[in-house]
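Participant: From the sequence below, what's the structure:
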Amino acid sequence: MDGRLQLFTGNAHPQLAQAIADELEATLGRAEVGLWKNGETRVKIEENVRGSDVFIIQPTSHPVDHHVMELLLVLDALKRASAARVTAVIPYYGYAKQEKKTSGREPISAKLVADILTTSGANRVLTVDLHAPAIEGFFDIPVDHLRATPLLARSFRRQIQDEVVVVSPDAGGVARAEDFRVRVGGSLAIISKQHPRPDATETLEMVGDVEGKIAVIVDDMVSTGGTLIQAASLLQERGARQVHVAATHGIFAGDALEQINASCIDRVFITDTIPSPAGVTDHLEVVSVASLLAEAIMRTHKGLSVSALFT
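Facilitator: Here you go, the predicted model:
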């Protein structure tokens with residue numbers, strides 16, 4: 001790209017956007033992103049973006065619908081202002097758990113959001129740890145899918161050097177857990193589970209030995225916390241000395257944080273793809289993805305490989 005690099009943000013996570021700008025030694029572009037008196041979202045770009053390579057940083061976290069609408073309107077405004085290219089930097093991609101139909105007459109919400117983002121003016125997407133990698137295929141534009149596992153593994157190993165067993169809380173997360181295990185060492189265990197209804201989990205069985213070891217459950221997100229708490233209880237029953245969690249997105253829906261604090265989980269390692277919840281305790285270790293996203297943005301701007309960041 002010959003155009004200058006410009007950064008903008010909505011209201012979902014301005015702290016992360018500023019941290020990324022600091023890493024890039026850049027400034028966030030001026031934009032008014034707020035509400036009209038009737039409650040509708042108002043957007044006005046207050047910078048000249050004609051011919052620029054623009055990145056809008058906006059995780060679609062709670063309140064999800066509002067932050068999605070902010071992102072869509074900013075994308076449309078940038079497109080209409082003749083930006084040469086617009087990249088939607090979405091550290092957390094909302095609606096990702098609705099990536100398939102589990103029963104009749106349901107939407108595939110993750111696909112719909114992908115279509116709307118493209119229609120609104122996104123030329124490419126930069127995101128971190130999608131709930132289902134297949135979501136990349138929902139887009140007809142390039143998607144750079146970053147992984148936070150190296151950052152989480154590095155932070156975990158700095159604090160815990162003992163022998164560990166890395167635990168996947170379900171069969172679908174084995175590849176993620178194995179990547180983490182390769183980086184921290186130790187063995188692998190797998191918990192089999194099923195979801196009898198939305199946001200409810202029934203733990204079935206576990207394969208692997210955790211007796212006398214430090215267990216770390218690796219997942220892509222902490223939502224209600226039910227899966228992790230049940231898995232941690234099972235690991236404790238099987239003789240695990242300590243139970244930790246390493247997850248990319250700390251959603252902490254409802255009273256999840258309180259339940260985790262009251263459980264046998266010793267510590268939760270998460271990233272800042274989503275703003276940290278109020279009432280953060282010693283149980284929470286937040287790892288920043290600002291440097292990872294900043295490097296990906298710079299590589300995208302210069303036309304360099306982004307896949308090198310996965311190593």
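Participant: Lys37: which element?
Facilitator: Following DSSP states H and E, there is no helix or strand that holds Lys37.
Participant: Tell me the pLDDT of it.
Facilitator: Here the pLDDT value assigned to Lys37 is 97.
Participant: Asp2 now?
Facilitator: As summarised for this prediction, Asp2 has a pLDDT of 62.
Participant: which residues touch Phe310?
Facilitator: 146-147, 150 (C-beta atoms under 8 Å, 6 or more residues apart in numbering). Where C-beta positions appear, they are placed from N, C-alpha and C, glycine not excepted.
Participant: 7 Å - rerun?
Facilitator: Contact analysis of Phe310 by C-beta atoms under 7 Å, 6 or more residues apart in numbering lists Arg147.
Participant: Quick check: it vs Val128, distance?
Facilitator: 12 Å (C-beta to C-beta, to the nearest Å).
Participant: doesn't Gly173 fall inside a helix?
Facilitator: Yes. Counting by DSSP: H, G, I helix; E, B strand; the rest coil, Gly173 is part of a helix.
Participant: Give me the phi and psi angles of the residue lying closest to Gly173 once chain neighbours are set aside.
Facilitator: Using C-beta to C-beta, 6 or more residues apart in numbering and skipping residues adjacent in sequence, the residue nearest Gly173 is Asp219, 6.0 Å away. Here is the backbone geometry of Asp219 (degrees, to the nearest 10): phi -140, psi 170.
Participant: hey, what's Asp219 bridged with?
Facilitator: In this entry, Asp219 is beta-bridged to Ala247, by DSSP bridges.
Participant: Quick check: it touching Pro169?
Facilitator: Yes. Asp219 is within contact range of Pro169, at 5.4 Å (criterion: C-beta atoms under 7 Å).
Participant: Between these two, tell me which one has more neighbours.
Facilitator: Pro169 (27 against 23; other C-beta atoms under 10 Å).
Participant: Quick check, pLDDT for the more buried one.
Facilitator: Pro169 is given a pLDDT of 91.
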